[in-house]
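S.K.: Could you look at this predicted model? Sequence included:
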Amino acid sequence: MSTETDVPVKKDKLVIFDTTLRDGEQSPGATLNIEEKLEIARQLSRLGVDVCEAGFPIASPGDFEAVRRIAEEVGPLTESRKSGQPMVIAGLARANEQDIDRAYDAVKLAPRHRIHTFLATSDIHLKYKLKIDREECIEQVIKAVTYAKSKCDDVEFSPEDAGRSDPEFLTVVLGEAIKAGATTLNIPDTVGYTTPEEFGWLIKYLIENTPGADKVVWSTHCHNDLGLATANTLAGVANGARQVEVTLNGIGERAGNTSLEEIVMAIHTRPQNFAVETDLDTTQIVRTSRMVSAYTGMAIQPNKAIVGANAFAHEAGIHQDGMLKHHTTYEIMRPETVGLGASALVLGKHSGRHAFRKRLEELGYSDLTKAEINQAFDRFKRIADKKKLVTDADLEAIITDEFYQPKEIWKLNSVHVTCGDHINATATISLTDPTGVEIIDAAIGTGPVDAVYKAINRIVNVPNTLTEFIVQAVTEGIDAIGEVTIRIQPENGGDFTTNPQTGQMVARTFSGHGASTDILVASARAYMSALNKMLSTREAVSATIQRASGDGAKK
């Protein structure tokens with residue numbers, strides 16, 4: 001006999017709006033160059049993201065060019081997407097015509113494009129930041145949304161600091177935004193202030209009390225200052241939101257944003273609790289997470305949900321006993337679901353190219369070219385000569401270090417270091433310069449890494465300050481691959497960008513990533529990665545400015 005529970009419940013589509021390339025890049029030190037943004041955008045498309053907020057186009061010439069190229073090159077892609085439609089490419093704009101024009105010019109080449117404009121609505125922001133009253137706020141919203149709508153059919157409006165705004169005033173502002181042509185209304189908890197009960201209530205209240213609420217998609221954008229971003233977002237979904245704004249690994253300003261992987265897997269794992277479903281290919285989550293971590297230099301904490309190194313590790317004896325009897329005793333989801341390999345030990349020095357390629361495909365790297373597979377295989381063989389067994393984590397590290405790197409302006413050829421407790425550390429470095437000439441130099445340092453970096457500095461001669469140095473093992477064991485992540489800041493200024501919330505100019509910090517069984521080699525690779533990123537960013541910005549000047553002269 002059938003019951004009501006036997007009848008399939010039709011679920012709403014939950015729009016995944018990814019802002020890794022905009023809000024995520026506002027994380028201190030998470031600078032991305034144009035090629036890195038393009039590669040991440042392509043991977044977001046493979047993942048199945050619905051809307052990619054590609055950046056804040058007016059922030060700098062480099063930001064504009066990155067958004068424009070993503071719109072042109074990634075915007076049309078449909079391969080491997082469940083929806084069969086390309087991603088919507090969005091650009092952020094403050095509520096003024098200059099910003100909106102710049103955003104539209106950047107995204108217009110994408111088949112599906114969106115302008116996302118915002119204005120603060122909390123009394124705190126109106127009084128101290130904008131220095132306007134509520135009536136002036138409403139007027140600016142109407143003017144901005146109307147102007148954006150004249151450029152683009154798909155317009156999103158966000159009342160910044162909605163979590164601390166007067167709910168009744170919000171219904172007025174949002175009602176006017178709907179009248180002006182907004183198609184998505186995003187409710188940001190900009191400073192991570194609300195609790196799940198408060199945020200869920202706010203979403204429900206706004207949907208029930210805003211004139212024309214049924215004509216738009218309601219969205220959430222939660223920050224993690226109190227560690228409640230995911231909980232708040234899920235509360236918003238439970239109360240009617242049908243778009244969520246998220247980032248990979250939860251990166252973003254201050255304590256970060258709602259984590260894409262946490263939202264998607266919460267809905268995937270507890271479908272009975274949510275009347276929504278997504279179009280994401282969850283098996284691409286880990287690959288995308290590692291790519292973002294490598295390019296931004298934002299290391300993933302081991303106990304991070306879903307993508308952390310310990311997320312599927314079971315060390316306690318009682319847990320291991322339960323797992324051996326049945327995985328559901330301590331696992332609520334399978335590692336393969338998010339793209340993690342099921343096997344712990346996979347390949348050795350005698351493994352062939354075919355087995356290597358097959359394992360990469362199982363890990364989600366089915367799109368690598370033959371040349372890229374050969375390049376990775378050569379690196380694998382060198383590591384296999386030093387390690388008895390190569391794990392999935394090692395393979396991920398190889399791929400990350402080989403392919404998630406900036407344009408190679410200066411090439412590292414070799415590193416030789418002499419050090420000990422009673423001698424000065426000395427490093428000899430061989431580099432190939434941009435013209436193909438090999439240069440060798442040496443330096444003495446307070447330690448081996450210091451000596452390596454000083455020797456590189458003598459050759460490259462790009463003044464900078466090392467602001468962060470992190471080294472960690474990929475796996476257990478004394479023969480583990482070591483991963484090094486660093487950050488540098490150019491001396492005497494450098495590339496700047498504009499923070500969309502504060503309007504302040506912020507100097508970029510450049511990260512670098514390297515991996516090797518020798519941590520000194522890994523350190524050298526990481527430093528060269530950061531230097532090459534800084535130099536390639538300068539080249540790209542200079543080329544963009546020259547092109548813009550040429551276009552202006554033609555006009």
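M.R.: Noted; the coordinates are in hand.

S.K.: can you give me the helices in the stretch 51-200 of the chain?
M.R.: Secondary structure of the stretch 51-200 of the chain (DSSP state H, counting those that start in this stretch): helices located at 61-69, 97-107, 123-125, 134-151, 167-180, 196-209.

S.K.: I should have written the stretch 351-500 of the chain there, sorry.
M.R.: Under the criterion DSSP H, counting those that start in this stretch, the stretch 351-500 of the chain contains helices at 353-362, 370-384, 392-403, 448-460.

S.K.: Output these in a markdown table, with mean neighbour count, distance to Lys149 and mean pLDDT appended to each entry.
M.R.: Heads up, the C-betas are built off the backbone N, CA and C, glycines and all. Formatted as a markdown table, those follow (neighbours: other Cβ atoms under 10 Å; distance: least, Cβ to Cβ, whole Å; pLDDT from 0 to 100):
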| stretch | mean neighbour count | distance to Lys149 | mean pLDDT |
| --- | --- | --- | --- |
| helix 353-362 | 16 | 45 | 83 |
| helix 370-384 | 16 | 44 | 88 |
| helix 392-403 | 22 | 41 | 82 |
| helix 448-460 | 21 | 49 | 97 |
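
S.K.: how far out from the middle of the chain is stretch 358-375?
M.R.: 22 Å (Cα atoms, centre = their mean, to the nearest Å).

S.K.: got the end-to-end distance for that stretch?
M.R.: Stretch 358-375 has its terminal residues 15 Å apart, counting by Cα to Cα, to the nearest Å.

S.K.: And for it, what's in contact with it?
M.R.: The contact list for stretch 358-375, computed with Cβ atoms under 8 Å, 6 or more residues apart in numbering, reads 46, 283-284, 286-287, 339, 341, 346-347, 353, 356-357, 376, 392, 395-396, 399, 402-403.

S.K.: what residue ranges in this structure score low on pLDDT?
M.R.: 1-8, 313-331, 341-349, 388, 492-495, 541, 544-545, 547-555 (pLDDT under 70).

S.K.: from the helices of the stretch 51-200 of the chain, which stretch is densest packed?
M.R.: Mean neighbour count (mean count of other Cβ atoms under 10 Å) peaks for helix 61-69 among the helices of the stretch 51-200 of the chain, with a mean of 25.

S.K.: Please name every helix or strand in contact with that one.
M.R.: helix 34-47, strand 51-55, helix 97-107, helix 519-554 (3 or more Cβ pairs under 8 Å, 6 or more residues apart in numbering; DSSP states H and E).

S.K.: Kindly provide the distance from Thr296 to Val338.
M.R.: Taking Cβ to Cβ, to the nearest Å as the measure, Thr296 falls 19 Å from Val338.

S.K.: if we can go back for a sec, now distance to Asn249 too, for the helices and strands packed on helix 61-69, in a markdown table please.
M.R.: Formatted as a markdown table, the helices and strands packed on helix 61-69 follow (distance: least, Cβ to Cβ, whole Å):
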| stretch | distance to Asn249 |
| --- | --- |
| helix 34-47 | 12 |
| strand 51-55 | 16 |
| helix 97-107 | 25 |
| helix 519-554 | 19 |
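
S.K.: from those, which stretch is densest packed?
M.R.: Taking mean count of other Cβ under 10 Å, strand 51-55 is the most buried of the helices and strands packed on helix 61-69, at a mean of 30.

S.K.: Adjacent strands (with direction) for that one?
M.R.: Note on strand 51-55: by DSSP bridges, its sheet partners are strand 15-18 (parallel), strand 88-94 (parallel).

S.K.: isn't Ser27 right up against Met298?
M.R.: Yes - taking contacts as Cβ atoms under 8 Å, Ser27 lies within contact range of Met298: 6.1 Å.

S.K.: what's the overlap in contacts for the two?
M.R.: Common neighbours of Ser27 and Met298, using Cβ under 8 Å, 6+ apart, are Ile251.

S.K.: Would you mind measuring from the closest residue in space to Leu202 that isn't next to it in sequence to Pro211?
M.R.: Closest residue to Leu202 apart from its sequence neighbours, by Cβ to Cβ, 6 or more residues apart in numbering: Pro167 at 6.2 Å. If you measure Pro167 against Pro211 using Cβ to Cβ, the figure is 14 Å.

S.K.: before we move on, what about Asp394?
M.R.: Counting by Cβ to Cβ - Asp394 and Pro211 are separated by 58 Å.

S.K.: for Gly514, same thing?
M.R.: Computed with Cβ to Cβ, the distance linking Gly514 and Pro211 is 56 Å.

S.K.: Please identify which of those two sits among more neighbours.
M.R.: Using other Cβ atoms under 10 Å as the criterion, Gly514 and Pro211 rank with Gly514 on top: 25 against 13.

S.K.: The more buried one touches Ala530, doesn't it?
M.R.: No - using Cβ under 8 Å, Gly514 is not in contact with Ala530; the gap is 9.3 Å.

S.K.: sorry, back to before: quick one: which of the strands paired with strand 51-55 is nearest Thr258?
M.R.: strand 15-18 (10.4 Å; Cβ to Cβ).

S.K.: who's in contact with the closest one?
M.R.: 44, 48-53, 90, 186, 217, 219, 242-248, 260, 263-264, 278-280.

S.K.: C-alpha coordinates for that strand, CSV please?
M.R.: Extracted in CSV, the C-alpha atoms of strand 15-18 (Å, rounded to 0.1, in the frame of the first residue of the first chain):
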residue,chain,number,x,y,z
VAL,A,15,21.3,28.3,-7.9
ILE,A,16,25.0,28.0,-6.9
PHE,A,17,26.6,31.5,-7.2
ASP,A,18,30.3,31.2,-6.7
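
S.K.: most neighbours per residue, which of the strands paired with strand 51-55?
M.R.: For the strands paired with strand 51-55, average neighbour numbers computed from mean count of other Cβ under 10 Å are highest in strand 88-94, which has a mean of 27.

S.K.: Please work out which residues outside it touch it.
M.R.: Applying Cβ under 8 Å, 6+ apart, the external contacts of strand 88-94 come out as 17, 22, 50-58, 67, 70-71, 74-75, 99-100, 102-104, 106-107, 110, 112-119, 148, 154, 156, 500.

S.K.: Try it again at 6 Å.
M.R.: 22, 51-54, 56-57, 67, 70-71, 75, 99-100, 103, 106-107, 110, 112-117, 500 (Cβ atoms under 6 Å, 6 or more residues apart in numbering).

S.K.: Need the CA coordinates for that strand. PDB is fine.
M.R.: In PDB, the C-alpha atoms belonging to strand 88-94 read as follows (Å, rounded to 0.1, in the frame of the first residue of the first chain):
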ATOM      1  CA  VAL A  88      26.200  33.000 -16.000                       C
ATOM      2  CA  ILE A  89      29.300  35.400 -15.800                       C
ATOM      3  CA  ALA A  90      28.600  38.200 -13.300                       C
ATOM      4  CA  GLY A  91      30.500  41.400 -12.500                       C
ATOM      5  CA  LEU A  92      30.200  43.400  -9.300                       C
ATOM      6  CA  ALA A  93      29.500  47.100  -9.400                       C
ATOM      7  CA  ARG A  94      28.800  49.700  -6.800                       C
END
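
S.K.: by how many degrees do that strand and helix 34-47 diverge?
M.R.: Interaxial angle of strand 88-94 relative to helix 34-47 (axes from the mean of the first three to the mean of the last three Cα atoms, to 10 degrees): 130 degrees.

S.K.: can you give me the offset of strand 88-94 from its chain's centre?
M.R.: 16 Å.

S.K.: Check stretch 78-97 too.
M.R.: 15 Å.

S.K.: mind checking the end-to-end distance for it?
M.R.: By Cα to Cα, the extent of stretch 78-97 from end to end equals 32 Å.

S.K.: ditto for stretch 16-30
M.R.: With Cα to Cα as the measure, stretch 16-30 spans 22 Å from end to end.

S.K.: tell me which residues of that stretch are tucked away?
M.R.: Buried residues in stretch 16-30, defined by neighbour count with 16 or more other Cβ atoms under 10 Å: 16-27, 29-30.
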